[in-house]
Each structure stands twice: as C-alpha cells, then as structure tokens.
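*Asks:* Structure for the following, please:
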Amino acid sequence: MSGEILSNEEMRRADAMAVAQGTPSFALMTNAGRAVADVIVSRFAPCRVAVLCGPGNNGGDGFVVAQLLSEQGFNVALACADEAKGDAAIAAAGWHGARGPLAPSALDGADLIVDALFGAGLSRPPEGGYRTLIEAVNRAHVPVIAIDIPSGIDGDSGQARGVAVEADITVTFFRLKPAHLLLSGRILCGETLLADIGIPQAACVGVSLFENSPSLWGPAFPWPRPDAHKYARGHCLVVSGPAHATGAARLAARGALRIGAGLVSVAAQADAVSVNAAHLTAIMVKPFDGAVGLASLLSDRRLNAAIIGPGLGVGPQARDLVEHVLASGASAVLDADALTLFRDDPPALFGKIRHPAVMTPHDGEFERIFPGLLGNAASKVEAARAAAARAGAVVLLKGNDTVIAAPDGRAAINANAPATLATAGAGDVLAGFIGGLMAQGMPAFEAASAAAWLHGDAAGRFGPGLIAEDLPEILPESLSGLRERLVTPRNT
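*Replies:* Modelled structure (predicted):
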C-alpha cells in the first residue's frame, strides 16, 4: 500500500534494512544529497548558495549537495560543525571548497539557503549558536531548502522545538514522516517533495500510519452496483435537536444523502417536526416521543446507521437518546453534543459502544471526554490512537491536520483540508458524510477516512466564500473526480 508514513524510528529501521540488503549507507546519503541537488538545479539558476551542515547525517547530506551544486556552477558558501562522524565525515572529505563556521555571517550575500543542520532526529531544542543561526535564516528573506525536515521540528509530532527553520521547500526520502503532515511542521516545511533513494519497499511492512488518500480506502468505497436500488444502499437516521437548533441535523442529513445513502430520515420530537418538514424534501421526517420513541424507530433494522449530536442539546433526556442509539445495533456517528453529554463520566459512554461507531471531536470536545490525553501524548496521532483504543471506536480528531484512528492502531493524517472549512456547520456535514458511507456498508475507519478526504476535496473545489451548505452541493464533483482517479486503465 502506498501512502505509508514512517516515524523516526521506523525510518531508522528502513535505512538499516537497506544496508542489510546490500546498499551501503554512504550510497543512501549520496542518493539523498543528489535528490536535493536535482531539485535545486531544476528550480534555480546558478547563484550564491549558503549550505549549513550540522554534525550528523543531515549535515552529510548537505556536503553532498554542496559538491554537486558547485559542479553545476553554483557559488557555494559552506558552513559546518567542527567535527563530522561516520558517513558524514566521508561526505565532508568529498567537499573540495572552503569551510566556514556555523554563524549568521555564513548567510551574507546568499541568494539561497540549504538547511542541513539537524533533520528529523533532533531530540532537544536548538540552543546557543544553532538557535541564533536558525533565527538568522528566518530573517534572511531568501528561499530556503530543508533536507528531510526543517531543523528544529520534531519529526514525530510536527511541533517546533523552541525555534525552527521556515522552509520554502523540503526534500525528504522514501516516505513522509508525521511532521510533514501534522501542524506546525506541515506549514514550516513549505512544499514537501518525496525522493526515492534506494530503500526497499519491504521496509513499510507493518507500518500502521498513512497519509489519508484514496489509496488507503478506495477499494472499500461503496459505488452503487448497476442493479442497485435505494433500499440496498442503506438508510441513515439523523437525530434532530429541539426546534431552535434543527439546522445542524439537516446539514448532516443532506451530507448523508449526497454521499450515497439510499434513504435518509431526520428523527424529530414534536416541537421540531414542522420546522424540519418545512425545509426537507427527499429527506424524510420521522416523529418520535422521547427516548422510548427513538428506540421504537431504531427497532426497524433497515435504519442501519445513525448520526446523533449535531444541535442535539445537553440535557438529561439527550443523554438517553445517545444511549438508545448505541443500543440499537446501528452503526453510529457521535458528534458534538453527543460527546459533551458524557464529559463528567466518559467511561459510561465507552461502555455502551458495542457496534461500529465513529467519534468526531474537535480539540475542545476531545479534551472533555479524554482529559489530558492530547496534552500528554507524544503527538496528535498517538493521542487519537490512545483515545480510539480507550473508547473502542474510531476517533476522528478534527482540525487542519485531522487524524483518524481505529482501536486496532491504524491511523491516517488528512492533509487536504483548506482553511475555508473553518466555517459553521462544516463539521455537521462531515458527520453526514461518515454516516452516509457507513449506511452503505463501508467499515468505520475507511468511512471516516474517505469522508474526511472528500470533505477537504469538496471544499478545495469550491474555493473562497465556502459555507457549510455548499459542501453537499459540490460533492458530486469530488465523487466524479474520485471515480476517475480510482479507475485502473486496461492493458497496463
């Protein structure tokens, strides 16, 4: 499977596998340096380049880059640490030009900067002269090319360790690391390019973190069969809130219908029936009276997926509704108020999850039901994984770097969401997309991942001015694009 994301430790093991299978470690370094130099030569005319080489292998890559650029007519000013070791020392011996100290003066007159200071393996914040140099790089106002990861970024969490290089282009190798997709690493990387340096594909065996894309869940996507009818495509029920807060449920219902659920109904108590009915056409309204009434509706096993939480409210009766949804056997999407209702007793919620379920918290809701987990985990990915294992449900932790995690440890980072998705109701539509896919039989992890990707793709297609109501209407374009992308050409 493509799209694997490797942690720092997994990347070290991948390097070791390549060496064990006969590729010298210095050849990997040479290939990495050549990949960076090729990017620079393809994008920049010969100019004055400052190459900053740290003491480790990242610095070794920098020495290779410097020599190759010099051979291509670039005026290279190289600054390096006092002593390189291992392969980095071999690469340093291959540099035939002058060397200067790692100081801000190394940047004088530079038209381009190559950051080869630390890479992904940095274990502590840059201090002293390194910190001063990184700050000078960020003030230089010239293009910066980072090797592997901008120096100062934690490769696993994506967080800056005090201060970090702000790169325009980052060239990394074999597979992405979490920091290339998680914030703030993704922003500080600029444009990230991936290069093959000769590591075997087998190094990805057992990896459980992926970039969210159709290659991850495309084979499970529930395209309608030629002989399909609406009753074969599932029936999704969205539980409405009170009369003054019905819009969120309708947004979710519209999302579920657009993404392909054969039937969608909004379950409404007496005060909300008329307002929902006045706004809905293809989506049905099903009246119910309290938790017992909702349980009666859900006793119809044809209602095979349920969404609860958008606009639901947080009174004691609302909690009963959530519990009846979870007891029904239907696949469930728990959003917004359905999570907040259990902030005083999260285990009570987790103990009632016995069937496929997806939770869709933003950071605040996540903190309410998994207190302290996000702040104490090594990364957003690890927090989501721990939460999914604790709850026994798929957890979709929303944000510009949404993470989807399953109880079995699989996780995906979604990186295609534009900033325009920061608009009221967008999360309700996302819940609808997930519920609509689960109604069609898509497994929970795949449904959540596909919904997140399509959500971002639709928003990107619409562009500026997006509001939540636009997302279901632009979704057909995303679905058409997805289908074209997944079609395998014949005779290839």
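
*Asks:* Hmm, residue 270 and residue 243 touching each other?
*Replies:* No - using Cβ atoms under 8 Å, residue 243 is not in contact with residue 270, being 9.1 Å away. (C-beta placed from N, C-alpha, C; glycine too.)

*Asks:* Could you check which of those two has the larger neighbour count?
*Replies:* residue 243 (15 against 12; other Cβ atoms under 10 Å).

*Asks:* for the more buried one, what are its contacts?
*Replies:* Contacts for residue 243 (Cβ atoms under 8 Å, 6 or more residues apart in numbering) come out as 271-272, 275.

*Asks:* For ChimeraX, write the selection for the buried entries among these.
*Replies:* Of the contacts of residue 243, the buried ones go into a single ChimeraX selection, burial set by 16 or more other Cβ atoms under 10 Å:
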select :272,275
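
*Asks:* tell me which of the contacts of residue 243 is nearest to residue 445?
*Replies:* For the contacts of residue 243, the closest approach to residue 445 (Cβ to Cβ) belongs to residue 272, at 32.2 Å.

*Asks:* wait, is that closest one part of a strand?
*Replies:* No - looking at residue 272 with DSSP: H, G, I helix; E, B strand; the rest coil, it is helix, so not inside a strand.

*Asks:* contacting residues around it?
*Replies:* By Cβ under 8 Å, 6+ apart, the neighbours of residue 272 are 240-243, 246.

*Asks:* Give the bridge partners for residue 52, please.
*Replies:* As for beta bridges, residue 52 partners with residue 79, residue 115 under DSSP bridges.

*Asks:* quick revisit: most neighbours among the contacts of residue 272, please name it.
*Replies:* residue 240 leads the contacts of residue 272 on contacts (other Cβ under 10 Å) with 29 neighbours.

*Asks:* check contacts around it.
*Replies:* 246, 249-250, 266-269, 272, 276, 311-312.

*Asks:* Now for the residues you listed: which two are most distant?
*Replies:* Taking Cβ to Cβ, no two of the contacts of residue 240 sit farther apart than 250 and 269, at 14.9 Å.

*Asks:* contacting residues around residue 147?
*Replies:* 32, 36, 58, 61-62, 65, 114-116, 119, 170-171.

*Asks:* Need the pLDDT of it.
*Replies:* The model reports residue 147 with a pLDDT of 98.

*Asks:* repeat for residue 82
*Replies:* For residue 82, pLDDT reads 85.

*Asks:* How far does stretch 184-202 sit from its chain's centre?
*Replies:* 15 Å (Cα atoms, centre = their mean, to the nearest Å).

*Asks:* Not counting the helix or strand in which residue 297 is found itself, show me its contacts.
*Replies:* According to DSSP states H and E, residue 297 maps onto helix 290-298. Helix 290-298 is touched from outside by 237, 239, 267, 269, 286-288, 303, 306, 317, 320-321, 323-325, 327-330, with contacts defined as Cβ under 8 Å, 6+ apart.

*Asks:* Please apply the same query to stretch 449-458.
*Replies:* Taking Cβ under 8 Å, 6+ apart as the rule, stretch 449-458 contacts 212-214, 216-217, 220-221, 259, 396, 402, 404, 412, 414, 416-418, 421, 426, 429-430, 433-434, 437, 442, 471, 474-475, 477-479, 481-482.

*Asks:* what about residue 342, helix or strand, and which?
*Replies:* Counting by DSSP H and E, residue 342 is found in no helix or strand.

*Asks:* Surely it touches residue 349?
*Replies:* Yes - under the criterion of Cβ under 8 Å, residue 342 makes contact with residue 349 at 3.9 Å.

*Asks:* Which one's more surrounded, these two?
*Replies:* Counted by other Cβ under 10 Å, residue 342 and residue 349 do not tie: residue 349 has more neighbours, with 23 against 20.

*Asks:* Distance-wise, check that one relative to residue 370.
*Replies:* Distance of residue 349 to residue 370, computed by Cβ to Cβ, to the nearest Å: 11 Å.

*Asks:* and if you look at residue 231?
*Replies:* Applying Cβ to Cβ to residue 231 and residue 370 gives a distance of 38 Å.

*Asks:* What about the spatially closest residue to residue 75 that is not a sequence neighbour, how many residues nearby?
*Replies:* What sits nearest to residue 75 in space, not counting adjacent residues and going by Cβ to Cβ, 6 or more residues apart in numbering, is residue 48, at 4.5 Å. The tally of other residues near residue 48 (other Cβ under 10 Å) stands at 14.

*Asks:* and what of residue 100?
*Replies:* So residue 100, with other Cβ under 10 Å, has 14 neighbours.

*Asks:* Kindly report the same for residue 55.
*Replies:* A count of neighbours around residue 55, defined by other Cβ under 10 Å, yields 18.

*Asks:* Who are the contact partners of it?
*Replies:* Contacts of residue 55 by Cβ under 8 Å, 6+ apart are 81-85, 88.

*Asks:* ok, the residue lying closest to residue 118 once chain neighbours are set aside - contacts?
*Replies:* Nearest non-adjacent residue to residue 118, counting by Cβ to Cβ, 6+ apart: residue 151, 4.2 Å away. By Cβ under 8 Å, 6+ apart, residue 151 lies in contact with 54, 58, 115, 117-119, 122, 126, 130, 134, 164-165.

*Asks:* can you check residue 84 too?
*Replies:* Going by Cβ under 8 Å, 6+ apart, the list of residues near residue 84 reads 53, 55-56, 59-60, 63, 91-92.

*Asks:* show me the contacts for residue 337.
*Replies:* If you count contacts by Cβ under 8 Å, 6+ apart, then residue 337 has 241, 309-314, 318 around it.

*Asks:* Out of those residues, which end up buried?
*Replies:* 241, 309-313, 318.

*Asks:* Pick out the most distant pair among those residues.
*Replies:* 310 and 318 (11.8 Å).

*Asks:* between the contacts of residue 151, which is nearest residue 42?
*Replies:* When the contacts of residue 151 are compared against residue 42 (criterion: Cβ to Cβ), the nearest one is residue 115, at 18.4 Å.

*Asks:* State the distance from the closest one to residue 392.
*Replies:* Residue 115 is 43 Å from residue 392, by Cβ to Cβ.

*Asks:* Could you chop the chain up by domain?
*Replies:* Listed domain ranges for the chain are 8-207, 214-486 (source: automatic domain parsing).

*Asks:* follow-up on the earlier one: let's have the contacts of residue 147 in a markdown table, adding secondary structure, distance to residue 486 and pLDDT.
*Replies:* Compiled in a markdown table, the contacts of residue 147 are given as follows (DSSP: H, G, I helix; E, B strand; the rest coil; distance: Cβ to Cβ, whole Å; pLDDT from 0 to 100):
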| residue | secondary structure | distance to residue 486 | pLDDT |
| --- | --- | --- | --- |
| 32 | helix | 32 | 98 |
| 36 | helix | 33 | 98 |
| 58 | helix | 37 | 96 |
| 61 | helix | 36 | 98 |
| 62 | helix | 40 | 98 |
| 65 | helix | 38 | 98 |
| 114 | strand | 38 | 98 |
| 115 | strand | 37 | 98 |
| 116 | strand | 39 | 98 |
| 119 | helix | 35 | 86 |
| 170 | strand | 29 | 98 |
| 171 | strand | 29 | 98 |
